[in-house]
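Asker: requesting a structural model of the entry that follows:
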Amino acid sequence: MSDNLKQTVLKITENKLTINSIELKQFYDDLIEQLEDISNEKNVAGDERHLLSIIKSIIEIDGLILTDELLSNHTLYALLRDQLRDIILRWNENNTLTVNESDYYRDAVILFEIMLEKNVSFFQKLILNEQFIQSIIACIDHISKNEQLLNDKTTMIIFNKLFLTLNYKHLCLSLSSTLDDSQFISLVNSTLNCICSPHYYKTFVNLNYQADQLQPDEYFLLIICPSCLVNYEGKHQDEIYCRLIKQMLEKYKKILDHFIPFINNWKSAIIRSITESILTIILHATLGKSCSTDLCQDLSLINYLTSIIRVPSLIEKVKSSTYNYEIQLIDIVTGILCNLSYHPNTLLVMKNNEIILSTFMNLRNVVYHRIQIGSYLILAGILTDQKIQELNNAAEITSILLNYLKLAMESPSQSYNYILVEELLYALRGK
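Answerer: Residues are numbered from 1 along each chain as shown. Coordinates of the predicted model:
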């Protein structure tokens, strides 16, 4: 590393707590000149050792300073981003990284997280870059075809952090509106292919249902990939879920068949995986007209959901004042059954299911509004109007329903918390 660059990095480090954006811009300008000099002298432009020293000097600076408008579009940030892109592509090609590459990867992701936390639009301008997104797509494509990257646990942890940073809902919406259609479809297809790959199914059925934590490869396939699809709310949404249900519903049922016999011993890892990787996808699919119609033809789905809500230990956890994975599980199951109850064939099955009736008579009094409202909506479908009016908290629930209806009608999706306007109107009939 050149003496001049060392001195600049040292000055940034020494002044990291007091530096302002004007001073930082001058340091950035100096660093660009010094990197160009190194490139001309030694032909090592982009060497991660130099850029790593720079990143280490700036990641402790206040994020508001780092993302000041004065630094928007600065060449140094583009250089740091492009170096990360190159390292990601090297990992994709070699299935491993050097120590310096791994350190740069880790610290660059930390820098991006800081930027996202403090200034979303600044981060979007930097990261919504075609070549950078293509490097992510390349890795996802690689993962869907073989297990080599998945086996690199250390780097998978960093990739997971990067993908989670990109996977904020507002960024998914930005991706779909900023990238052209072919780029966006490539990103979605890559994620879909991972979920539909043999690695996904193999990873899922090999989960330890008594484990509390997921391994990095499990976390990527079973949590991050599904969440990427769930966070997308663009024009292709219904198409995505229909495709996923068509390709994966039978595998989902095989996975449930594999684990439900051990449901009394489920721990956090399997509860979260089934909730976020299977049931949340099914919940979103029930919101689409074409997908929900297909799902309602498969009455076995209600049997799987009933097998979950009939477990006393899971229902007991819903009464906790602290949010937990069991609450998330029952919340999503409630949402699915609520949406299915608006189809005549599934409603008939639910009306004759005593477990559904007794469970949701119990859950209508929990403190979590979405489960409470979902329980009431299910009961509104399977009980008579007179029985509904006799419920001891009918007035309170009616007030909550009216508020939900207002919010749902104001939403472009005509839903609120996954509950559709027509469902709310049906539950409020006669009130």
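Asker: check which helix or strand Lys202 maps to.
Answerer: helix 198-205 (DSSP states H and E).
Asker: which intervals of the stretch 1-150 of the chain have sub-threshold pLDDT?
Answerer: 1, 41-47 (pLDDT under 70).
Asker: if I look at the closest residue to Asn208 other than its chain neighbours, how far off is Gln213?
Answerer: Spatial nearest neighbour of Asn208, excluding adjacent residues (C-beta to C-beta, 6 or more residues apart in numbering): Ala269 at 7.0 Å. Any C-beta I mention is one placed from the backbone N, CA and C, and that applies to glycine too. Distance of Ala269 to Gln213, computed by C-beta to C-beta, to the nearest Å: 6 Å.
Asker: where along the stretch 101-250 of the chain do the helices fall?
Answerer: For the stretch 101-250 of the chain, helices defined by DSSP state H, counting those that start in this stretch occupy the ranges 120-127, 130-145, 153-166, 169-178, 181-195, 198-205, 216-219, 225-230, 237-259.
Asker: quick one on the thing from earlier: what sits up against the helix holding Lys202?
Answerer: 143-144, 146-147, 150, 194, 217-218, 221-222, 225, 251, 254-255, 258, 273, 277 (C-beta atoms under 8 Å, 6 or more residues apart in numbering).
Asker: report the rounded mean pLDDT for that helix.
Answerer: Mean pLDDT, helix 198-205: 95.
Asker: put the alpha carbons of it into CSV.
Answerer: What follows is helix 198-205 as a C-alpha-only set of coordinates in CSV (Å, rounded to 0.1, in the frame of the first residue of the first chain):
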residue,chain,number,x,y,z
PRO,A,198,-33.6,-30.8,-5.3
HIS,A,199,-31.3,-29.0,-2.8
TYR,A,200,-34.3,-27.2,-1.3
TYR,A,201,-36.3,-30.4,-0.8
LYS,A,202,-33.2,-32.4,0.4
THR,A,203,-32.3,-29.6,2.8
PHE,A,204,-35.8,-29.4,4.2
VAL,A,205,-36.4,-33.1,4.9
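Asker: next, the buried residues of it.
Answerer: His199, Tyr200, Tyr201, Thr203, Phe204 (16 or more other C-beta atoms under 10 Å).
Asker: domains for the chain, by residue range?
Answerer: 3-310, 311-431 (automatic domain parsing).
Asker: pretty sure Leu424 is touching Leu401, no?
Answerer: Yes: the pair Leu424 / Leu401 is scored as a contact, 5.8 Å apart, by C-beta atoms under 8 Å.
Asker: rewinding a little: list the contacts of the helix or strand hosting the residue nearest to Asn208.
Answerer: Using DSSP H and E, Ala269 falls within helix 268-273. With contact meaning C-beta under 8 Å, 6+ apart, helix 268-273 is reached by 204, 207-209, 211-214, 218, 222-223, 259, 325-326, 328-329.
Asker: write the ChimeraX selection for whichever of those are buried.
Answerer: Restricted to buried positions by 16+ other C-beta under 10 Å, the ChimeraX selection for the contacts of helix 268-273 reads:
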select :204,207,209,214,218,222,223,259,325,326,328,329
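Asker: and the strands in this structure, which stretches?
Answerer: 415-416, 419-420 (DSSP state E).
Asker: how far does the last one sit from the chain's center?
Answerer: Think strand 419-420. 21 Å (C-alpha atoms, centre = their mean, to the nearest Å).
Asker: cool, and stretch 367-387?
Answerer: Centre-to-centre, stretch 367-387 and its host chain are 29 Å apart (C-alpha atoms, centre = their mean).
Asker: ok, residues contacting that stretch?
Answerer: Against stretch 367-387 from outside (C-beta under 8 Å, 6+ apart): 318, 321, 327, 330-331, 334-335, 337-338, 341-342, 347, 350-351, 356-357, 360-361, 363-366, 388, 391, 397, 400-401, 404, 417-419, 423-424, 426-427, 429-430.
Asker: ok, back up a step: ok, so of the contacts of helix 268-273, who is nearest Asn94?
Answerer: The shortest approach to Asn94 among the contacts of helix 268-273 belongs to Glu218, at 23.1 Å (C-beta to C-beta).
Asker: any stretches of the stretch 301-431 of the chain with poor pLDDT?
Answerer: 391-394, 429-431.
Asker: repeat the analysis, applying 80 as the threshold.
Answerer: Counting by pLDDT under 80, the stretch 301-431 of the chain has low-confidence residues at 321, 384-398, 400-401, 412-413, 417-420, 422-423, 426-431.
Asker: what does the stretch 151-300 of the chain give?
Answerer: 165-188, 231-236, 288-294, 297.
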